[in-house]
Each structure stands twice: as structure tokens, then as C-alpha cells.
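Asks: Provide a 3D model corresponding to the input given below.
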Amino acid sequence: MSKWIESEISKIGTVVSGGTPSTTNSKFWNGDILFVTPYDLSRNKTAFIENTERKISREGLENSSANLLPIGSIILSSRAPIGYIAIAKKEFTTNQGCKSIIPNSDFDSEYFYYCFHFYVERIKKYGEGTTFAEISKGDLELVKFPHPKDKTEQRQIATILSTADAVIEKTQAAIAKYKAIKQGMLQDLFTRGIDTTTGKLRPSYLDAPELYKESKLGWIPREWNEEIFGEQIELVHGHQFRNYDFTEFGVSVVKIGQVKPENVDLSNCSFVSADRMEEFRNETIRNGDVLMALTGATLGKACLVCGLSNPVLQNYRVGRFEPKIKENDIDKSYLYYTLTAGELLNQIFNKVNSGAQGNIGKADFEKAFFKKPPFTEQKLIAERLNSLNKKLQTEQDFLHKQQQIKAGLMNDLLSGKKKVMVKEEIIQSN
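Replies: Prediction:
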């Protein structure tokens, strides 16, 4: 087991600042040299960067203060903002918004890539106290990281963490795939619907125009109706709770910030005394309810409530949608997907101020139109989307678990709290 020490970045590698060729000389641009900026780092989703939005020419490199830097260098955004990090997979240069670290031969690039991530708040502190947060080359060189003295152990730790990253990246790709499938499915289901005799999507209007009729919302299946939202659905506001209503414990109150995709988030709720439940029975949320944030940065975000073990209460700017005819008329799951498909909300947002401080309310929904298939078809549409949502939620839960595992590994391995057995030691012990 190697000894652990703490080293300044100046001892770990050479810190290099960036530079930008003149933007008015076209000969300096559109070459083959990667030109890394904080923007490129912010878009990068892996440890490695191998492409950039802009590239410079050899002539541009020679006519700037930039340097051509080697593969394996660590790149850090040093301003606007501080803290995006990647390892170069190709030779590159950067603008002034980045600092690059070329590790010395005794240090492993990937290990220190993870160190930069883990100790990023330590780095950011050097950029505080200025109007425009930026860390200088000299200050960055002073930042210290703990590390194994032996490069082999550094490499072993990096391998463990990169394996965790590979699982996370694979899961993120699966989530992106399911989201794309869901978007396409929403489009198909809300234009073509499902033939209840076959259980399959109807042919499109172009392939079978005789199956469709014209409406204010475009061509819709002949079995569907075009309805006025306010005549079919009631938007119910919650109670306008005041600070003096809240207690330390009790019944959770859902505010606009707790309305998250597919469900309510009760992790940071305020509480009202359980003794007042009868007073607020009209504002009680139950499983199967459809909610929407009616103001603020999450304006228009909706969820279908599920998994509640106890009733919760509805704050004023959270809307709850209730069908006016209770039985076998409008399926609440279908109603939720109607609200998230976009077509209905587009009608409303085109007429109201929907900015960060915008508001929507009952009057805004009254005259909007929505597509209403027969109840049986509504349920089939909702079931199809619910099935996909379950797969998506499974992947998202798994991602959260893997991110927690990685965070624990970083805390243990990059601080030296837990040591790893390097391959040479494993061989010798056998």
C-alpha cells in the first residue's frame, strides 16, 4: 500500500493559460485544432473532450498566446463559471476562460480529473471576492490535493471511478432514449390514437383520411370529440396558506416547487397541523389527482400523483384538475397526458404572460379546446404511456442510486479514507 501525501497543483503538473486568435482574421479559424472554451466544457457529458464548437488553424495558433497542448491534459473552466472539467482526447488549445494542467509523469490524469471534481469548491474559493469570479494561474497552482504517492494506486482508483461513470453514462443514454420514444409516442397517440378493436395505432391521416374528421385542432379520428376544457374539467385552486399556518410536523403541503414530472416531491414540504384536516378537506390531494404549477419558474409543469401513503394538502398556486362528470367520462391519467402533450398549454400560453413570474388560472383554461377520445380509448392511451413511464422511472431510480454510489466512492477513495489494493499487491498476496 503506497503512502499518501498532499501536493500543490504546481507539483502535479504544469498549469497553462489560454488565448484567442483575432476573430477578424478568417485565416485563423475553421482549422483542425480543438479550441476549448467554458461553453464546450459545459456541454461535455463525459470525462473526455474530443470535439469543440469552434476550431482554429495552425496560423491562428502561431498568432495568439495560446499553446498546443497534449492529449491527457486536464482542462478547467477558470471563469464564467469556474468548475467545468474534462480530459483532452486530442491535441488542443483553449481560450482565456480555461486553464489546462499537463500532469507530470508521476501523476495519473484520470485520478486528478476526479480530484478536480471532488475538490472543486476548494478551487472556487480562490476565485471569490472579485466582481467577475475567476481563478488565476498563480492561485490555481497553490491548490492542494491529497493523493497516493504511487501512480499505480492512483490509476487503480481512477479505474474504479471510471467504471462507475460508465454505468451512469449508459443509464443516462437509456433515459434519453426513453424520453425520445415518449415524445414520439405522445405525438402519435394524440393525433392517431389507438384502434380499440386491434389495440394498435390507427393509420395516419395521410394513409387513411377516411378515418379522420376536421376540427379546430386539426384532423382527429372520427370517434373523437373536440371539447371546451372548462365545460368538461374544473380547475381547483388550493388554500392560500400563510406562514402562521405552518407547524414543525403534521400534514405535508404541496407548493409549486414540489410539482415534479410524474409525481409530487414531498422531501422539502411545509406542514400544517393534522387537527385541521377537516378544515382543508377540499384541498386534500390523493393518489390519481392531476396537479399543475400555476405560477413561477415551473409554470405549467404537471404531475400525476401516485404512491402517497397519507393525504397531503394543496397550496393556492397549485392547481388540481377534476372532471365534472365523475364516472367513465374522462380518465385522469389521460387528462394528465393531455396537459403534458403540449397542444392544450400552447393555446393558453399564447394568450397569457407565461414568463418566470407569469400566472395561469381558471379563466385561462375555460375556452381552450382539447381532444376527447371515447373513455375506453382514453384508458388505452394512458396505459401505453404509463408503461413507458414506468420504464423511464426505473432507469431514473437506478441512475440516482448509481450517482449516490459514485459519490460515496469519491468520498472514500479520493480522501484516502479507504485504500485500494493495487494489482501488484494482489499478485504478491497470491
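Asks: Does Ala158 lie in a helix or a strand, and which?
Replies: In this structure, Ala158 sits in helix 151-189 according to DSSP states H and E.
Asks: Show me what that helix is packed up against.
Replies: Of the remaining helices and strands, those touching helix 151-189 by 3 or more CB pairs under 8 Å, 6 or more residues apart in numbering; DSSP states H and E are helix 109-118, strand 144-148, helix 332-340, helix 375-413, helix 423-429. Placement of C-beta: from N, CA and C, glycine included.
Asks: repeat that with 10 Å
Replies: helix 109-118, strand 144-148, strand 200-201, helix 332-340, helix 375-413, helix 423-429 (3 or more CB pairs under 10 Å, 6 or more residues apart in numbering; DSSP states H and E).
Asks: After the fourth one, which helix or strand is next?
Replies: Pointing back at helix 332-340 there. helix 343-349.
Asks: which residues are contacting that following helix?
Replies: 186-187, 190-191, 216-218, 229, 233, 292, 299-300, 302, 335, 338-339, 342, 354, 358, 360-361, 364-365, 367-371 (CB atoms under 10 Å, 6 or more residues apart in numbering).
Asks: how long is stretch 262-271 from one end to the other?
Replies: End-to-end distance for stretch 262-271, by CA to CA, to the nearest Å: 22 Å.
Asks: Buried residues, that stretch. List them.
Replies: By neighbour count on 16 or more other CB atoms under 10 Å, the buried set for stretch 262-271 is Glu262, Asn263, Val264, Cys269, Ser270, Phe271.
Asks: Mind checking which of these land in strands?
Replies: Counting by DSSP state E, these place Asn263, Val264, Ser270, Phe271 in strands.
Asks: can you count the residues close to the spatially closest residue to the last one that is not a sequence neighbour?
Replies: Spatial nearest neighbour of Phe271, excluding adjacent residues (CB to CB, 6 or more residues apart in numbering): Gly250 at 4.0 Å. By other CB atoms under 10 Å, 18 other residues sit near Gly250.
Asks: show me the contacts for Gly250.
Replies: Contacts for Gly250 (CB under 10 Å, 6+ apart) come out as Cys269, Ser270, Phe271, Val272, Ser273, Ala274, Asp275, Arg276, Met277, Leu313.
Asks: List the contacts of Asn310.
Replies: Contacts of Asn310 by CB under 10 Å, 6+ apart are Val251, Ser252, Leu266, Ala274, Arg286.
Asks: Nearest to Arg222 among those?
Replies: Nearest to Arg222 among the contacts of Asn310, counting by CB to CB, is Arg286 at 35.4 Å.
Asks: Now the closest one, what are its backbone angles?
Replies: For Arg286, the backbone dihedrals are phi -130, psi 170 (criterion: degrees, to the nearest 10).
Asks: if I look at it, how far off is Ser309?
Replies: 11 Å (CB to CB, to the nearest Å).
Asks: Comparing these two, which residue is more hemmed in?
Replies: Between Arg286 and Ser309, counting by other CB under 10 Å, Arg286 is the more crowded of the two (11 against 5).
Asks: rewinding a little: contacts for the next helix or strand after the helix holding Ala158?
Replies: Remark: after helix 151-189, the chain's next helix or strand is strand 194-195, criterion DSSP H and E. Defining contact as CB under 10 Å, 6+ apart, one finds that strand 194-195 is touched by 188, 200-203, 211, 221, 223, 373, 376-381, 383-384.
Asks: Of the contacts of Asn310, which is the nearest to Lys45?
Replies: Distance to Lys45 across the contacts of Asn310 (CB to CB) is lowest for Leu266, with 30.0 Å.
Asks: Much appreciated, bye for now.
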